[in-house]
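> here are the coordinates; sequence isn't available:
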């Protein structure tokens, strides 16, 4: 008889809901504008993506949903990632908040509708790739650690055939495109900060996997690039 799927603690569910609601509506809250259609479109997109991705995760990989709900509470988290993981999350929050501030104080909005439309498609593409990576990688934790208790192995399917860290690639694509969609050039500074943190975290995680995860060195010789095919 199969064991029942693991249950996410109620505290973890409440925490996730609070974070996603805050992150979704943060640009609107900071802007103080009810007529900012880009802010509403962003909030609805992030909410719908969260609901769809977590429904898929709970349905098809509840063990990973439990893993991600605990994040920094896990043992074995790399000491440097106890700093970088929250800082990276903060980077996304800074983009949303600075975009709202730019709109609130009437900063110049130079991006044309075609640029905004392209940015929206890039954000959507990034969200889809990120969800795909999470569904293909049952070890897609929110923190860097070798999950020995879960039989951690190298994942080579899906977007992992293109780059070694498609989750980071997808996040960066969405967040770099976000200031253009929200028509808030001031948020590009926060996007640049997130880019630096993401490259640093990717480099350190890749080095840890090279050293500690069996088979990862062989995989790295097949998939050469970490974040961007043909670049790095």
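That came through, no problem. From a predicted model like this one, the values you see are computed outputs, not experimental measurements. Residues are numbered from 1 along each chain as shown.

> Quick check: closest non-adjacent residue to the residue nearest the centre of the chain.
With distances taken as Cα atoms, centre = their mean, the residue of the chain nearest its centroid is residue 171 (4.4 Å). Excluding its sequence neighbours, the residue lying closest to residue 171 (Cβ to Cβ, 6 or more residues apart in numbering) is residue 130, at 6.2 Å. For every residue, glycine as well, the C-beta is placed using N, CA and C.

> for that neighbour, helix, strand, or coil?
helix (DSSP: H, G, I helix; E, B strand; the rest coil).

> Identify the residues contacting residue 145.
With contacts defined as Cβ atoms under 8 Å, 6 or more residues apart in numbering, the neighbours of residue 145 are 74, 75, 76, 77, 78, 81.

> Am I right that residue 41 is in contact with residue 123?
No. Residue 41 sits out of contact with residue 123 when judged by Cβ atoms under 8 Å, with a separation of 9.9 Å.

> higher neighbour count, the two?
residue 123 (24 against 15; other Cβ atoms under 10 Å).

> so who does the residue nearest to residue 171 touch?
Contacts for residue 130 (Cβ under 8 Å, 6+ apart) come out as 53, 166, 167, 170, 171, 174.

> That one and residue 167: what is the separation?
Distance of residue 130 to residue 167, given as Cβ to Cβ, to the nearest Å: 6 Å.

> ditto for residue 90
From residue 90 across to residue 167, the span is 17 Å (Cβ to Cβ).

> before we move on, back to that, sort out for me which of the contacts of residue 145 are in helices.
Among the contacts of residue 145, the subset assigned to helices under DSSP state H consists of residue 81.

> Pipe the contacts of residue 145 into JSON lines and attach distance to residue 188 and neighbour count per row.
Formatted as JSON lines, the contacts of residue 145 follow (distance: Cβ to Cβ, whole Å; neighbours: other Cβ atoms under 10 Å):
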{"residue": "74", "distance to residue 188": "34", "neighbour count": "14"}
{"residue": "75", "distance to residue 188": "38", "neighbour count": "6"}
{"residue": "76", "distance to residue 188": "36", "neighbour count": "11"}
{"residue": "77", "distance to residue 188": "31", "neighbour count": "17"}
{"residue": "78", "distance to residue 188": "30", "neighbour count": "18"}
{"residue": "81", "distance to residue 188": "26", "neighbour count": "21"}
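
> Neighbours of the spatially closest residue to residue 53 that is not a sequence neighbour, how many?
Across the structure, with Cβ to Cβ, 6+ apart as the measure, the residue nearest residue 53 apart from its sequence neighbours is residue 131 (4.5 Å). Neighbours of residue 131 under the rule other Cβ under 10 Å: 19.

> my read: residue 131 touches residue 60, true?
No. Taking contact to mean Cβ under 8 Å, the distance of 11.5 Å between residue 131 and residue 60 leaves them out of contact.

> before we move on, what SS does residue 111 have?
Reducing the assignment to helix, strand or coil with three-state DSSP, the entry for residue 111 is coil.

> Please apply the same query to residue 94.
Taken by three-state DSSP, the conformation at residue 94 corresponds to helix.

> ok, it - contacts?
Applying Cβ under 8 Å, 6+ apart, one finds that residue 94 lies in contact with 190, 193, 194.

> Pull out the buried members of those.
Among the contacts of residue 94, those buried by neighbour count (16 or more other Cβ atoms under 10 Å) are 190, 193, 194.

> The second one is in what secondary structure piece?
If I follow you right, that is residue 193. Residue 193 belongs to helix 188-212 when assigned by DSSP states H and E.

> Please state the offset of stretch 167-180 from the chain centre?
Stretch 167-180 has its average C-alpha position 8 Å from the chain's average C-alpha position, going by Cα atoms, centre = their mean, to the nearest Å.
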